[in-house]
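Participant: fold the following and give me the result.
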Amino acid sequence: MGITARGRLQLLHGLLVATTVMATGCSAKDANSTGGTQVTDAQATSREEENSTSAEGDLKLRMMESLTNPQRTEILKSLIAQFEQENKPIQVELISPPFDQADETIETMLSTKQDLDVVEVREINVADYVNKQYIEPLDAYTASWQDYSTVQQIPLSVGSVNGKLYFLANGLYERQLYYRKDWFDQANIVPPSTWGEIYDAAVKLTDRARNQYGFSFRGAKGANGVFDGMIRTYNGTAMNLTDGAFLNSGSTIYSTPAADEALTLYKKLYENASPKESVYWGFDEQVKAFTSGQTAMLLQDSDVIQTLQTQMKPGTWAAVPMPKGPSGKSLITVGAAGWGIPSASPHKDAAWKLIAFLSSSDQNTAFSKQYGLVPIHTTAATDPFFMTGPYKTLLDMTNDPDTYLYYQTPIKYPGNNEWSKVSTTTEQEMLLGKATVQETLVKWDAYWKEQQRLMLGK
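Facilitator: Residues are numbered from 1 along each chain as shown. Predicted coordinates:
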């Protein structure tokens, strides 16, 4: 379901007046769980279903999150406690696997039809789950849901496959650039607006002797959110905005001289302005490097704002829109995760009751405020909380759809769910000198050509 730049402005304007975003990497959070029930893959495959009756009086729902993070888990637990208080005697067990294992654990449990009633689905895996018949469409439930009329089109679009809704987003993510304002002011450097300016500023602010670096690099899980974003931005208006792995010509985004230029700059950014160990960094490490004063710039989703506000002094950091490429355009997307119902759940009606509660305007806005996400309801549009500081930057991007072009990620392809793992492995090989930029692009081009062939049935 593609959304044009003009359509994006119309759909997101009311939303982002109220909010903050990012994904594309939803974007991705490498935080360990400290709340909820933790499970390993082995436990997931061996855990027995708990006894329950068909009567809601004895009902226990089992719910599993994907984007596990200690702060987030505690917020979810508090909302679940409210649900339990209002819906006695339903009880909810929240299962919180470590982030790095969460999606694999969820898929293992879904594929073996283990006892799960609500699962967190992401825009990167919803098409795969639907193809494998792991999750139920929600349309029959939303048809009579009183809060449905205020849900924005964007969350409905990212949660849908082939015209059916399979998950209700618990928030939206959009990426922006956070920078050390104090460092930039001291060095008399203007905040960057292009990828070239990011590189130049990062090199100037790097002082290896002082363990100070210009860029908070992320080479491990979720890294493709950066290098894919750079490649799309460098391809500019040649991009097919409704099919994020391909150009208007039908070729992949990895087949062009622009892709070579973007990935070469990405490699230079690592080699000349980032800690060497950052090739193995994920979300936690790159954010910690920024908040601790080791790095000067951080590309992340809006859910990091809460962490920056808590761990950094006011006035030491600020945000600017996503960097533009040589054409003066920046390619951006909206990521999402949210709640779906497994096809094998024996308690679908009760599971929907929980999802409807968490997705209501009041609860979703409260969750978004506490975790720094975009509420999914238009009713949040006048809340002053989302209209100042680092949130305003996101509105600036939305109000300039001719510069910041919204594209749809290629979730419809069977291999999209594996792309992060496949591309990160080859990206690390390139950064470590085991492959050239050109060899890496050839592999990525071949991967998506094969996905295209599978889709077309050739």
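Participant: from residue 138, how far out is residue 144?
Facilitator: Look at residue 144 and residue 138: by C-beta to C-beta, to the nearest Å, they are 11 Å apart. Quick note: C-beta positions are derived from backbone N, CA and C, even for glycine.
Participant: and what of residue 269?
Facilitator: 41 Å.
Participant: and those two? Which one has more around it.
Facilitator: A count of neighbours by other C-beta atoms under 10 Å puts residue 138 above the other of residue 269 and residue 138, at 26 against 22.
Participant: beta partners for the closest residue to the more buried one other than its chain neighbours?
Facilitator: Distance criterion C-beta to C-beta, 6 or more residues apart in numbering; nearest residue to residue 138, sequence neighbours excluded, is residue 165 at 4.8 Å. Counting by DSSP bridges, residue 165 is bridged to residue 160.
Participant: could you pull out the helices for the stretch 301-450 of the chain?
Facilitator: For the stretch 301-450 of the chain, the helices defined by DSSP state H, counting those that start in this stretch cover 305-311, 348-359, 361-371, 392-398, 416-431, 437-456.
Participant: follow-up on the earlier one: report how many residues lie close to the residue nearest to residue 138.
Facilitator: Residues near residue 165, counting by other C-beta under 10 Å: 22.
Participant: which ones are touching it?
Facilitator: 137-139, 142, 156, 159 (C-beta atoms under 8 Å, 6 or more residues apart in numbering).
Participant: for residue 171, same thing?
Facilitator: 303, 336-338, 364, 367-368, 371, 373-376.
Participant: that one falls within a strand, correct?
Facilitator: Yes: checked against DSSP: H, G, I helix; E, B strand; the rest coil, residue 171 lies within a strand.
Participant: now it: closest residue in space that isn't a chain neighbour?
Facilitator: residue 373 (2.8 Å).
Participant: I figured that neighbour hits residue 305, correct?
Facilitator: No: here residue 373 does not reach residue 305: they are 9.6 Å apart, not a contact under C-beta atoms under 8 Å.
Participant: just the helices in the stretch 51-200 of the chain please.
Facilitator: 70-86, 99-111, 126-131, 139-142, 153-158, 181-187, 195-204.
Participant: distance between the longest one and the chain's centre?
Facilitator: It stands for helix 70-86. 22 Å (C-alpha atoms, centre = their mean, to the nearest Å).
Participant: equivalent analysis for the third one, please.
Facilitator: In terms of C-alpha atoms, centre = their mean, the centre of helix 126-131 is set 17 Å apart from its chain centre.
Participant: so which other helices or strands are in contact with that helix?
Facilitator: strand 160-161, helix 416-431 (3 or more C-beta pairs under 8 Å, 6 or more residues apart in numbering; DSSP states H and E).
Participant: name the residues that touch the first one?
Facilitator: Yep, that's strand 160-161 we're talking about. Taking C-beta under 8 Å, 6+ apart as the rule, strand 160-161 contacts 1, 126-127, 130, 166, 411-412.
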